[in-house]
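In: Structure, please.
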Amino acid sequence: MFLFSLSLFSQGLTQEKHNFTRQDTLRGSITPEREWWDLTYYHLDIKVNPDDKFISGKNTIQYKVLKTDSVMQIDLQSPLKITKVIQDNVELTVKHDGNAHFIKLKENQPLNAVKSLDVYYEGNPKEAVNAPWDGGISWKKDNNGNPFIASSCQGLGASVWWPCKDHMYDEVDSMLISVNVPKDLMNVSNGRLRLVERIGETKTYSWFVKNPINNYGVNINIGDYTHFSEVYDGQGGNIDMDYYVLKDNLEKAKEQFKDAPRMMKAFEHWFGQYPFYVDGYKLVEAPYLGMEHQSSVTYGNKYQNGYLGRDLSGTGWGLKFDFIIIHESGHEWFANNITNKDIADMWIHESFTAYSESLFLDYYYGKQAASEYVIGTRKSIKNDRPIIGVYNVNNEGSGDMYYKGANMLHTLRQLIEDDEKWRQILRKMNITFYHQTVTTKQIEDYLSEETGIDLTAFFNQYLRSVKNPTLEYSIDKKVLKYRWINIVEGFDMPVQVLIDDVESWIQPTSEWNTLELNSKPSTFEIDPDFYIEAHKL
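Out: Down below sits the predicted model:
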């Protein structure tokens with residue numbers, strides 16, 4: 001069940017591939033009421049009442065006008081309700097259409113103007129049933145009976161707990177997050193702590209994010225926390241690495257969180273400078289497994305290596321690191337730095353990050369360990385649906401985006417035949433698309449250009465098809481006969497084979513090819529680093 005849960009964060013959204021509603025379109029497309037304005041700043045200012053599981057407050061939304069218009073779409077999911085919208089001291093009319101809310105401004109907004117409005121809201125947000133896969137707000141208690149509360153909303157959307165422009169394409173440039181909680185609790189959110197205010201029997205914690213941030217990356221974490229920290233000397237200079245854990249877990253965390261600077265060292269080697277030095281890096285204990293909230297990575301792996309103590313690869317290598325620290329932190333580069341425009345392209349987040357697990361092993365334990373690990377994860381691949389989902393309806397693709405995607409990238413590494421070149425491609429990728437939202441086409445074009453290989457059919461095969469390329473072959477005396485089957489049009493990937501333990505490259509196509517050998521081979525093997533199947537005739 002844990003593998004099933006890992007495989008897809010919102011699987012219920014994708015059971016009926018073509019059974020989409022108007023609400024799906026309003027949520028998943030760049031509607032006319034979204035496209036005319038560009039997000040510049042949020043101030044989310046809320047009060048969280050643990051006893052009543054109630055949130056109230058407002059979000060100040062600042063925006064730049066790209067086209068003249070007067071109707072704005074803001075998203076907020078039921079049962080939360082918008083109580084009023086104010087701009088220039090005037091209350092505006094709001095038309096509600098399910099979870100999409102259309103605000104009628106008093107006048108057309110002038111081109112290039114920077115404006116703001118306040119959206120007030122309140123209610124009991126959706127409670128997470130099985131966070132983070134079935135997200136919302138987790139209202140839990142710690143072992144001492146104190147409230148232990150956290151948000152998680154990947155796929156489901158940030159509008160499940162606060163009003164926002166809930167589409168991945170437009171990231172806010174900066175954000176202030178002010179959260180009022182009972183005085184004996186602490187709230188930890190993204191960015192750096194700017195201010196703590198005592199207000200009667202409550203405290204307000206204000207956190208400021210200087211970098212662009214995607215909606216689902218914004219989080220609240222409320223609990224009886226204690227804090228410790230260290231300064232890491234990284235590629236961008238000194239970076240604060242802060243850790244917030246429940247007080248009873250302090251000593252365990254001081255030992256387990258040693259994986260955090262190890263992660264930083266390995267990933268800055270492979271992917272380049274950590275993308276959020278100005279906002280720092282945090283690990284925050286949460287009442288669920290974990291999530292990649294930007295500069296505020298949440299952790300619930302019970303202070304053990306592997307995935308809740310299990311090795312997802314079955315090789316032993318998965319127990320050499322804490323899965324949640326490594327995987328969720330890898331998302332700082334792939335999800336938070338490079339972000340998909342449409343959730344259908346979630347593979348950009350998950351394939352590269354699942355692959356980062358093996359690169360972590362590569363850095364500390366060598367290339368063979370990395371290969372064994374990523375190959376071991378193939379048992380989780382289902383080939384049930386394409387990795388890319390349906391566009392414009394908030395639809396994720398198959399959970400194979402994790403380990404099929406990772407093995408696709410591992411295969412690409414073999415085609416490049418130059419590990420340093422591959423490393424530089426990954427590092428340059430995080431510079432080329434620094435703090436950007438991107439499409440699959442942009443990533444495909446970038447990798448084709450940088451590798452010098454036309455990867456069109458390669459990506460069609462692995463991202464858009466459920467077919468696993470199969471090398472069909474026969475050996476008759478001194479003649480090797482081979483071809484690709486179960487492939488998309490134009491797939492002609494070369495593959496490395498071992499003939500009597502001697503490495504050799506062959507270039508199969510959909511047509512039969514032959515290779516004259518010096519003698520009849522006693523052994524013939526396909527390099528296991530290639531994610532393909534083989535069928536001997």
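In: quick one, strands of the stretch 51-200 of the chain?
Out: 54-65, 71-75, 81-87, 90-91, 93-97, 100-104, 114-123, 136-141, 147-152, 174-182, 186-188, 192-199 (DSSP state E, counting those that start in this stretch).
In: With mean neighbour count added, can I get the ones you listed in a markdown table?
Out: (C-beta placed from N, C-alpha, C; glycine too.) Shown next, in a markdown table, are the strands of the stretch 51-200 of the chain (neighbours: other Cβ atoms under 10 Å):
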| stretch | mean neighbour count |
| --- | --- |
| strand 54-65 | 19 |
| strand 71-75 | 21 |
| strand 81-87 | 16 |
| strand 90-91 | 10 |
| strand 93-97 | 12 |
| strand 100-104 | 19 |
| strand 114-123 | 18 |
| strand 136-141 | 19 |
| strand 147-152 | 25 |
| strand 174-182 | 21 |
| strand 186-188 | 24 |
| strand 192-199 | 12 |
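In: Tell me which of those strands lies nearest to Lys520.
Out: strand 147-152 (58.9 Å; Cβ to Cβ).
In: Give me the angle between the closest one and strand 174-182.
Out: 160 degrees (axes from the mean of the first three to the mean of the last three Cα atoms, to 10 degrees).
In: Specify the local secondary structure of Lys441.
Out: helix (DSSP: H, G, I helix; E, B strand; the rest coil).
In: That one and Leu447: what is the separation?
Out: 11 Å (Cβ to Cβ, to the nearest Å).
In: Tell me which of the two has more neighbours.
Out: A side-by-side neighbour count of Lys441 and Leu447, using other Cβ atoms under 10 Å, places Leu447 first with 19 against 10.
In: Any chance of the backbone angles for that one?
Out: phi -70, psi -40 (degrees, to the nearest 10).
In: In contact with it, which residues are there?
Out: Neighbour list for Leu447: Leu412, Ile425, Met429, Leu455 [criterion: Cβ atoms under 8 Å, 6 or more residues apart in numbering].
In: Tell me which helix or strand in the protein has the weakest average pLDDT.
Out: helix 2-7 (a mean of 35; mean pLDDT, DSSP states H and E).
In: and the next element down the chain from that one?
Out: Going down the chain from helix 2-7, the next helix or strand is helix 22-28, by DSSP states H and E.
In: average model confidence for that next one?
Out: Helix 22-28 shows a mean pLDDT of 97.
In: State the distance from Thr456 to Tyr274.
Out: 33 Å.
In: Looking only at neighbour counts, state which of the two leads.
Out: Each of Thr456 and Tyr274 has its neighbours counted (other Cβ under 10 Å); Tyr274 has more, 25 against 14.
In: That one reaches Ile239, doesn't it?
Out: Yes: contact criterion Cβ atoms under 8 Å: Tyr274 and Ile239 qualify, at 6.3 Å.
In: can you map out the helices along the stretch 351-500 of the chain?
Out: 367-376, 403-416, 419-432, 440-451, 456-463 (DSSP state H, counting those that start in this stretch).
In: Can you tell me which of those helices is packed in deepest?
Out: helix 403-416 (a mean of 23; mean count of other Cβ atoms under 10 Å).
In: contacting residues for Val90?
Out: Contacts of Val90 (Cβ under 8 Å, 6+ apart): Lys106.
In: 10 Å instead, please
Out: Leu105, Lys106, Leu117 (Cβ atoms under 10 Å, 6 or more residues apart in numbering).
In: And for the residue nearest to the first one when sequence neighbours are not counted, the neighbour number?
Out: Counting by Cβ to Cβ, 6 or more residues apart in numbering, the nearest residue to Leu105 once its immediate chain neighbours are dropped is Ser70, at 4.5 Å. By the measure other Cβ under 10 Å, the count of residues near Ser70 is 13.
In: Please name the nearest non-neighbouring residue to Tyr307.
Out: Phe323 (4.2 Å).
In: Domain-wise, how is this structure divided?
Out: Listed by automatic domain parsing, the domain ranges of the chain are 31-166, 338-463, 470-536.
In: could you give me the average pLDDT of the first one?
Out: Just to be clear, that refers to domain 31-166. 97.
In: what does the second one give?
Out: Confidence for domain 338-463, expressed as mean pLDDT, is 98.
In: what's the spacing between it and its chain's center?
Out: Taking Cα atoms, centre = their mean, to the nearest Å, one finds domain 338-463 lying 12 Å from the centre of the chain it belongs to.
In: same check, this time on the first one
Out: Chain-centre distance of domain 31-166: 21 Å, with Cα atoms, centre = their mean.
In: Regarding it, how distant is the last residue from the first?
Out: 11 Å (Cα to Cα, to the nearest Å).
In: With the last one instead?
Out: One end of domain 470-536 to the other measures 10 Å (Cα to Cα).
In: what does stretch 151-161 give?
Out: Terminal-residue distance, stretch 151-161 (Cα to Cα): 8 Å.
In: about what we covered before: relative to Ser295, how far out is the residue nearest to Tyr307?
Out: 20 Å.
In: what's the answer for Asp529, then?
Out: From Asp529 to Ser295 the distance is 34 Å (Cβ to Cβ).
In: between these two, who's got more neighbours?
Out: Ser295 (27 against 17).
In: Please identify every residue contacting each of Tyr274 and Ile239.
Out: Tyr232, Met264, Glu268, Gly280, Tyr281.
In: ok, now which ones touch the last one?
Out: By Cβ under 10 Å, 6+ apart, the residues touching Tyr281 are 229, 232, 234, 239-243, 260-261, 263-264, 274, 294-297, 329, 332.
In: cool, and the fourth one?
Out: The neighbours of Gly280, taking Cβ under 10 Å, 6+ apart as the test, are Asn190, Gly191, Arg192, Leu193, Ser229, Ile239, Asp240, Met241, Asp242, Tyr274, Ser295, Ser296.
In: and if you look at the second one?
Out: For Met264, the contacting residues are Tyr232, Asp233, Gly234, Gln235, Ile239, Met241, Tyr274, Tyr281, Ser329, Glu332, taking Cβ under 10 Å, 6+ apart as the criterion.
In: hang on, the first one packs against Glu268?
Out: Yes: here Tyr232 reaches Glu268: they are 9.4 Å apart, a contact under Cβ atoms under 10 Å.
In: Against Asp240, how distant is the residue nearest to Tyr307?
Out: Counting by Cβ to Cβ - Phe323 and Asp240 are separated by 24 Å.
In: Now for Lys441 and Leu447: what residues contact both?
Out: Joint contacts of Lys441 and Leu447 (Cβ under 10 Å, 6+ apart) are Phe459.
In: So for stretch 329-344, what gets flagged as buried?
Out: 329-344 (16 or more other Cβ atoms under 10 Å).
In: that older thread, can I get the domains of the chain in a markdown table including distance to Lys203?
Out: Shown next, in a markdown table, are the domains of the chain (distance: least, Cβ to Cβ, whole Å):
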| stretch | distance to Lys203 |
| --- | --- |
| domain 31-166 | 11 |
| domain 338-463 | 32 |
| domain 470-536 | 51 |
